[in-house]
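>>> how does the following fold in three dimensions:
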Amino acid sequence: MTREHLGRAEFERVVDEALESLPERFAAMVQNVAVAVEDEPGDDDLGNVEGGSELLGIYRGVALTERSHDPPLMPDEIVIFRGPINRVTRTREEALHQVRETVIHELGHYFGLADDEMPH
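Purely as a prediction, here's the structure:
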């Protein structure tokens, strides 16, 4: 049986709180980005994941550091995956912390940081 530390409504609320808690200087720079919650990653999302690893979130878009001066037509998207976060955490408190860390990690990709440039 899969443990569920955070139900859907609470998970979405925690994602929103993580976004609202960003320092103003960073929050002001986040533009044209949709942040969504999905229960599980799709097959396309799992293409670059090492075997046995859980994908907690994904950034779908073009990093600010790689953009031309033309505005993007579609918004970038950050997706936070509820199922994997509930599976990799042992307690509700760990799940709350992991949601916040995942949101910040995916925003790091939006700002142009690679995985190895971010603390894990």
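
>>> let me see the mean pLDDT of the helix or strand where Asp16 lies.
Element membership for Asp16, per DSSP states H and E: helix 8-20. For helix 8-20, mean pLDDT is 95.

>>> buried stuff in that helix?
Glu10, Phe11, Glu12, Val14, Val15, Ala18, Leu19 (16 or more other Cβ atoms under 10 Å). Any C-beta I mention is one placed from the backbone N, CA and C, and that applies to glycine too.

>>> next SSE after it?
Next helix or strand after helix 8-20 toward the C-terminus (DSSP H and E): helix 24-27.

>>> where do the helices sit along the protein?
Assigned helices in the chain, in chain order: 8-20, 24-27, 82-88, 92-110 (criterion: DSSP state H).

>>> in the longest one, what's buried?
In terms of neighbour count (16+ other Cβ under 10 Å), helix 92-110 has its buried residues at 95-96, 98-110.

>>> ok, of the residues you listed, which one's closest to Glu4?
Proximity of the buried residues of helix 92-110 to Glu4 (Cβ to Cβ) peaks at Ala95, which lies at 9.0 Å.

>>> and that closest one, what's its pLDDT?
Among the per-residue scores, Ala95 holds a pLDDT of 95.

>>> where does pLDDT dip in the chain?
1-3, 48, 51-52, 71-73, 119-120 (pLDDT under 70).

>>> which strands or helices does the helix holding Asp16 pack on?
On a contact count with 3 or more Cβ pairs under 8 Å, 6 or more residues apart in numbering; DSSP states H and E, helix 8-20 meets strand 33-38, helix 82-88, helix 92-110.
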